[in-house]
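S.K.: here's my sequence, what's the structure:
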Amino acid sequence: MPLDLRFGADDLLRIRFAISPLCETHEALRTLRRAHRHAYHLPWLRRMRETVAGLDLSQLWLFMPYPSPGYTPDFLGRPPGSPLAGFDEELARLRATDPGVARAEMAKSLACTPGAAGSPAGRAALADPARAVQELADVTERAWHALLAPYWPRLRALLEAEIAYRSRQLAGGGLQRLFAGLDPRLSWSGGTLTVRTSAEFAQLQDLDGRGVLLLPSVFVWPDVVSGFDPPWQPTVIYPARGIGGLWAEPEADAALVRLLGANRAAVLAALDEPASTSALAHRLGLAPSSVSAHLSVLRDAGLLASRRHGHQVLYARTPLGGALAAGH
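M.R.: Predicted coordinates:
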């Protein structure tokens, strides 16, 4: 059923993008249990099999209704306050959640699963919400370090490239083009953004000057998630471009290897999307200093271009570099 987000004039001035390692951690956890999300992430799931077996995620599962869709407390994945928030920053905000807000949201979530509120874990959480917040933060922190932190440079590079692409869409075609291209389940008409979700009933939200946060995600595919009642900023979490090749290791053409050398060719081949030095180093298993040197040579040869994005420098293939990488 549709969720309609109705914009006023002030809301148009408060549309923003962000990346959230905290939200991505929780979407990754949902991917573990939802088979329809596995298609692009089987290599990651295979690598994580033993790690997941050693994690006790029961406290978080309690507030992630499954298999039927339901409400997960907003405070667990609260919208980030800055465009490129770090995990530690987001975790600190989670730990600072007001116990009254946490209890109300946990009660709403538990009501989605028959018997959950009356279970020992459910009763304990509602009886001491302040403690429950800290325990849920502890589980989230362990899950982050075990499941996502080793791969975060790769994921962050893809998400930053997604935001750069959407920013160009907005600059070239305005909101109509931006919303039309984000996902087929999003549509824009007459000042209203309609999100087709898995909810069982239609919803309408007046944004009332809060604007909307657009949050690209690697793990949310094929879903689009939206909502967040006050005090949180309305947020749309949508699948980022490029996840089909996320876990594939780039392979350089043999002729390109003979021309450039194995590592330099691998760097050029890996840049299907703009990426930073650290992201490439992590993905290719090379020292950052070595990758930096290769990037400088490739840029000086006209095969790459660089631009600053926030605190990072992103590298992308030029048309000549793209033709070489494609074997033309």
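S.K.: any weak-confidence spans in the chain?
M.R.: For the chain, the stretches flagged by pLDDT under 70 are 198-201, 249-252, 328.
S.K.: quick check: longest helix of it.
M.R.: Using DSSP state H, we find that the single longest helix of the chain is helix 152-182.
S.K.: flag every buried residue along that one.
M.R.: Using 16 or more other CB atoms under 10 Å as the test for burial, helix 152-182 gives 152-166, 169-170, 177-179, 182. Backbone N, C-alpha and C define where each C-beta goes, glycine included.
S.K.: quick check: beta-bridge partners of the residue most central in space within the chain?
M.R.: Nearest to the mean C-alpha position of the chain, counting by CA atoms, centre = their mean, stands residue 217 at 2.7 Å. With DSSP bridges as the criterion, residue 217 is bridged to residue 239.
S.K.: next up, the contacts around it.
M.R.: 23, 24, 27, 159, 237, 238, 239, 240 (CB atoms under 8 Å, 6 or more residues apart in numbering).
S.K.: if you set the cut-off to 7 Å instead, what comes out?
M.R.: 23, 24, 27, 237, 238, 239, 240 (CB atoms under 7 Å, 6 or more residues apart in numbering).
S.K.: mind giving me the packing neighbours of the longest helix of the chain?
M.R.: Secondary-structure packing of helix 152-182 (3 or more CB pairs under 7 Å, 6 or more residues apart in numbering; DSSP states H and E): strand 186-189, strand 212-217, helix 277-284.
S.K.: let me see the ranges of the strands in the stretch 201-328 of the chain.
M.R.: For the stretch 201-328 of the chain, strands defined by DSSP state E, counting those that start in this stretch occupy the ranges 203-206, 212-217, 225-227, 235-239, 304-309, 312-317.
S.K.: to residue 105, which of these lies closest?
M.R.: Residue 105 lies closest, by CB to CB, to one member of these: strand 225-227, at 11.5 Å.
S.K.: now for that closest one, which elements pack on it?
M.R.: strand 235-239.
S.K.: for residue 231, which non-adjacent residue is spatially closest?
M.R.: residue 101 (7.5 Å; CB to CB, 6 or more residues apart in numbering).
S.K.: same check on residue 161?
M.R.: Leaving aside its chain neighbours, residue 161 sits nearest to residue 273 (4.0 Å; criterion: CB to CB, 6+ apart).
S.K.: give me the distance between that neighbour and residue 36.
M.R.: Distance, residue 273 to residue 36, by CB to CB, to the nearest Å: 25 Å.
S.K.: who has more neighbours, those two?
M.R.: residue 273 (21 against 9; other CB atoms under 10 Å).
S.K.: dump the residue contacts of that one.
M.R.: 158, 161, 242.
S.K.: hmm, 8 Å instead?
M.R.: 157, 158, 161, 241, 242, 316.
S.K.: okay if I get those as JSON lines plus distance to residue 295?
M.R.: Shown next, in JSON lines, are the contacts of residue 273 (distance: CB to CB, whole Å):
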{"residue": "157", "distance to residue 295": "13"}
{"residue": "158", "distance to residue 295": "18"}
{"residue": "161", "distance to residue 295": "16"}
{"residue": "241", "distance to residue 295": "23"}
{"residue": "242", "distance to residue 295": "20"}
{"residue": "316", "distance to residue 295": "11"}
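S.K.: just the residues you listed now: which is nearest residue 60?
M.R.: The nearest one, if we look at these relative to residue 60 and count by CB to CB, is residue 158, at 24.4 Å.
S.K.: the residue lying closest to that closest one once chain neighbours are set aside: neighbour count?
M.R.: Closest residue to residue 158 apart from its sequence neighbours, by CB to CB, 6+ apart: residue 242 at 5.2 Å. Counted by other CB under 10 Å, the residues lying close to residue 242 total 18.
S.K.: my guess is residue 242 contacts residue 160. True?
M.R.: No: using CB atoms under 8 Å, residue 242 is not in contact with residue 160; the gap is 11.0 Å.
S.K.: which helices and strands does the strand or helix carrying residue 109 pack with?
M.R.: Assigned by DSSP states H and E, residue 109 belongs to helix 99-110. Applying 3 or more CB pairs under 8 Å, 6 or more residues apart in numbering; DSSP states H and E, we find helix 99-110 packed against helix 120-127, helix 129-143.
S.K.: now do the buried residues in the shortest one.
M.R.: Okay, so that is helix 120-127. 121, 122, 125, 126.
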